[in-house]
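Colleague: Model the structure of this input:
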Amino acid sequence: MTNKPTYKKYKRVVSSRFLWLISVLAGIAFLITFWRTPVFPLKWTLIVFGALIVVLGLTFLLSIKTNPRNIFTKFVNILLSIVLILGTILIPYEVDKVSNLLDAATTQKTVINIYRMSDSYAQTNGFTKVFSYDAKEDSTVSSLDSLKEAKFITSMNQDRDNSEYAIVELSKEFGNNVTTMDRDTVVDAVSSLYSHEGDFLIMAESYQSMLEDSAQYKNFASDTQIVYSFVREVSETTSTVKGDTTLTTQPFTIFFGGNDQTGSLSLEGRTDVCMVVTVNPNTHQVAIVNMPRDSYIPNPYYGSGDSSYDKLTHLGLVGIDNTLKGLGNYLDESINNYVILNFDTFMNIITALGGVDIYNPYEFTALDGQYFPEGNIHLDEDGALMYVRERESLPDGDFGRNAHQQLVMTAIIDKITSAEGILKFNSILDSIKGQFLTNVSSDALYGLVNKQLNEGMSWNIVKYHVVGLTGDEICASAPGQKLSVVYPYPNQVAFVKNVIDEIDAGDSVEQEELPEGNYNTSISTSTTN
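Modeller: The predicted structure is shown next:
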């Protein structure tokens, strides 16, 4: 019997040295990705390169000094490769997330409502021949075609873009022209609705808060009903600068506008927080200037002269560009950039940062019962929101609220630019997605972060909030009725203008006391009322 030859079976085993080569390739891919990412400065790339050389050198020695089948050596090389591959994938992902976030923040929409007087108001005031239409249970229109014979009140002179948009959309639905009656101002149009001169009012939602500021129309929301709403996508503002990288090399000023509300944001609407932040990235100087939201200043939309004066918060009713222009003219400063946010955004940022720490200059108890002691305090999202909203229990009311907003704003800046803040950058991005509007480009933001990482800048921040006397005035955006306004002290305005000029010029600035307000300089005659 012949014996058959036997063959020994060998398993193919992946060598640890082969795995080391894989980690080298992963390291090269990671280094190239890191180097091409605009956020990281060159010196960081060199540091990463040096660290990779050391780590790959050590794993190479480990691979050649141990058996190729050594489990520990294989594990080390596999783990290193996984980490490098994940980094290569995640870095571009995070960069794209920032770009998408800012791209989305430049797109904004305006809500245009069709209003009618409520049934209860119509009955109480004896309206006859109230227009009948196909309505749902909530009284909104079930079919726009049922409004074909209605008369619509507009205010083309003051709210042309939104009025025209709504009329075009209605014409498309009706298949014929829309019957309209035009009034010079929004207030006149609202007055015509109240007096039953027309059936429906076409008005941008942003004007509603302005109406409710006045004693005459403070109950507008309950007196009326919204039967239909249009959403108009507003084209990019003229101040938007794409691909701008000059924020890293030249002084710039950003307007921070805060809406005293939750929900959706628009570039057409009131700004209840009006904060001007001037930054010199070369000298690392920052000035934060709060202006009273009711500051009585010229509104560029209505030309020049005494008849153009308006509340600062109302400048935004016709768009953010009008606010930037009006406030820029008032402060003699070019303001090209903006960030608009509301309470939702604010609270989410505070949550993502794990709260902020401030020095509270005096103790007080807010209207909701929260107690804020004097001294160093930590604010979570709820405490921070109440801290920047409270005014009734403060010794200087609305002006004190402005000071509180500056304190919290400074704390946010300090924390975001700290090592802890950079580590929480991803959670901050997630928390504010879709909850702010800005025209700051991703290139500009990347450049600033790159500069911060490269230089490890420590920022010198000075803060001032302008105050003034209060009074009642006719405002350009709401003619025919007097509204509460603030006459900013001219000497304080001149002081903050000088601080902004010094920062623009690269001069060193230190925190000083804002001069006591007076009207020894020339001002409009209306401010002496």
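Colleague: Next SSE downstream of the host helix or strand of Val289?
Modeller: Using DSSP states H and E, Val289 sits in strand 285-291. Downstream of strand 285-291, the first helix or strand assigned by DSSP H and E is strand 296-298.
Colleague: next one: that following strand to chain centre, how far?
Modeller: Centroid separation between strand 296-298 and its chain, computed with Cα atoms, centre = their mean, to the nearest Å, is 23 Å.
Colleague: which residues are contacting it?
Modeller: Strand 296-298 has contacts (Cβ atoms under 8 Å, 6 or more residues apart in numbering) with 304, 308-312, 315, 326-327, 329-330, 471, 473, 475, 485-488, 524, 526-527. Heads up, the C-betas are built off the backbone N, CA and C, glycines and all.
Colleague: Could you tell me which of these count as buried?
Modeller: Using 16 or more other Cβ atoms under 10 Å as the burial test, the contacts of strand 296-298 include 308-312, 315, 326-327, 330, 471, 473, 475, 485-488, 524, 527 as buried.
Colleague: Can you flag which of the residues you listed belong to strands?
Modeller: 309-311, 471, 473, 475, 485-488 (DSSP state E).
Colleague: Helices of the stretch 51-200 of the chain, start to end?
Modeller: Using DSSP state H, counting those that start in this stretch, the helices of the stretch 51-200 of the chain run over residues 71-105, 119-124, 156-174, 186-194.
Colleague: Kindly report the same for the stretch 401-529 of the chain.
Modeller: 419-423, 425-432, 442-455, 490-505.
Colleague: Reformat the ones you listed as JSON lines; add distance to Tyr371 and mean neighbour count.
Modeller: Below are the helices of the stretch 401-529 of the chain laid out as JSON lines (distance: least, Cβ to Cβ, whole Å; neighbours: other Cβ atoms under 10 Å):
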{"stretch": "helix 419-423", "distance to Tyr371": "27", "mean neighbour count": "12"}
{"stretch": "helix 425-432", "distance to Tyr371": "27", "mean neighbour count": "16"}
{"stretch": "helix 442-455", "distance to Tyr371": "36", "mean neighbour count": "18"}
{"stretch": "helix 490-505", "distance to Tyr371": "31", "mean neighbour count": "18"}
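Colleague: what's the closest of those helices to Arg36?
Modeller: helix 442-455 (11.8 Å; Cβ to Cβ).
Colleague: And that closest one, what does it pack against?
Modeller: helix 42-65, helix 71-105 (3 or more Cβ pairs under 8 Å, 6 or more residues apart in numbering; DSSP states H and E).
Colleague: Need the winner for burial among those.
Modeller: Mean neighbours per residue, mean count of other Cβ atoms under 10 Å, is largest over those for helix 71-105, with a mean of 16.
Colleague: what angle separates that helix from helix 42-65?
Modeller: 160 degrees (axes from the mean of the first three to the mean of the last three Cα atoms, to 10 degrees).
Colleague: Adding mean pLDDT and distance to Ile349, write the helices of the stretch 401-529 of the chain out as TSV.
Modeller: Listed next are those as TSV, based on pLDDT from 0 to 100; distance: least, Cβ to Cβ, whole Å:
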stretch	mean pLDDT	distance to Ile349
helix 419-423	67	11
helix 425-432	71	6
helix 442-455	79	15
helix 490-505	95	25
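Colleague: Near Leu483, how many other residues are there?
Modeller: 20 (other Cβ atoms under 10 Å).
Colleague: give me the beta-bridge partners of it?
Modeller: Glu473 (DSSP bridges).
Colleague: I figured it was touching Leu211, is that so?
Modeller: No - Leu483 is beyond contact range of Leu211, at 10.5 Å (criterion: Cβ atoms under 8 Å).
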